[in-house]
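Novice: Sequence plus predicted model, see below.
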Amino acid sequence: MWFLLFLIVFRSFACTPFLDSSLYQNGDILLQDLRGSFGESVENTTGSAFSHVGLVRVDAQQKIWIVEATTPFVKETPLATYLRRTRSKAALVRIKDLQKQDAITSVNRAMTHLGKPYDRHFVLNETSALYCSELIYDAYSHGAGLYVFPVQPMDFSENLEYWQKWFGDHPIPQGELGLSPQNTYDFPRAKVILEGECHHLRQALFQTLYTN
């Protein structure tokens, strides 16, 4: 009898704490650090641990959806799918003392933007296209009327070569007001519900096949 031994390497999803649907409420903010050059450039530019953010919606069946502005357009993404894009870290935060109706109104506002293109030029308060943290800002400020997140001048001097390629012929919005994912995390009224590792592990599976 002959046998062959195979080594199969696969990636397992190690983000279990964040998959607990009971943790989430409408209007929560879920941050992650994205894999790839864009995510790393956002983090380096903003001095952040995070490069993307989305807004939580809990449906009637208690399923968790993330409303997010991402390429190529604003969409709703199932929680597990959203988390699978994480490189190594995620955080769930909640605005303190947020009324339930204000949270729902904010989510409903975000939902009105579904299908709109991603804003590659990071123009705040112009909602024909939106970037990730702008969607959060707009949902709270124009949805529930809560001007909670302070905006600040954007600085692209870090990783300037990357951003020159990103913006192409469009002027870099240096000094224009904007909001980064980290700003939503640092906001004093933002309470951290859960924060930790959320990544993919390489695991090996040995399989033996016998032949006569």
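Specialist: Structure's in. What do you need?
Novice: ranges for the strands of the protein?
Specialist: Ranges of strands within the chain are 2-14, 29-34, 52-58, 64-69, 74-78, 86-95, 152-153, 177-178, 190-197, 199-211, based on DSSP state E.
Novice: Distance-wise, check S157 relative to P150.
Specialist: Counting by CB to CB, to the nearest Å, the gap from S157 to P150 is 21 Å. Every residue, glycine included, has its C-beta placed from N, CA and C.
Novice: Give me the more crowded residue out of those two.
Specialist: P150 (12 against 9; other CB atoms under 10 Å).
Novice: My read is that the more buried one contacts N183, right?
Specialist: Yes: P150 is within contact range of N183, at 7.3 Å (criterion: CB atoms under 8 Å).
Novice: and the gap between the residue positioned nearest the centre of the chain and G145?
Specialist: Nearest residue to the geometric centre of the chain (CA atoms, centre = their mean): V53, 2.9 Å. In this view, V53 and G145 are 21 Å apart by CB to CB.
Novice: repeat for E126
Specialist: Distance from E126 to G145, by CB to CB: 19 Å.
Novice: For the chain, give me the ranges with low pLDDT.
Specialist: 1-13, 199-212 (pLDDT under 70).
Novice: Need the single longest helix in the protein, by residues.
Specialist: Taking DSSP state H as the criterion, the chain has its longest helix at helix 100-111.
Novice: helices or strands next to that one in the packing?
Specialist: strand 52-58, strand 64-69, helix 132-138 (3 or more CB pairs under 8 Å, 6 or more residues apart in numbering; DSSP states H and E).
Novice: how about 10 Å then?
Specialist: strand 52-58, strand 64-69, strand 74-78, strand 86-95, helix 132-138 (3 or more CB pairs under 10 Å, 6 or more residues apart in numbering; DSSP states H and E).
Novice: so which of these comes closest to R189?
Specialist: For the helices and strands packed on helix 100-111, the distance to R189 is smallest for strand 86-95, at 5.4 Å, taking CB to CB.
Novice: Give me the buried positions along that closest one.
Specialist: 86-87, 90-95 (16 or more other CB atoms under 10 Å).
Novice: how many neighbours does the nearest residue to I95 once chain neighbours are set aside have?
Specialist: Of all residues not flanking I95 in the chain, R189 sits nearest, at 5.4 Å (CB to CB, 6 or more residues apart in numbering). R189 has 13 neighbours, counted by other CB under 10 Å.
Novice: N44 too?
Specialist: Neighbour tally, N44, other CB under 10 Å: 13.
Novice: residues contacting it?
Specialist: The neighbours of N44, taking CB atoms under 10 Å, 6 or more residues apart in numbering as the test, are 51, 158-159, 162.
Novice: can you rerun that using 7 Å?
Specialist: 158-159 (CB atoms under 7 Å, 6 or more residues apart in numbering).
Novice: Please report how far it lies from D186.
Specialist: Taking CB to CB, one finds N44 at 17 Å from D186.
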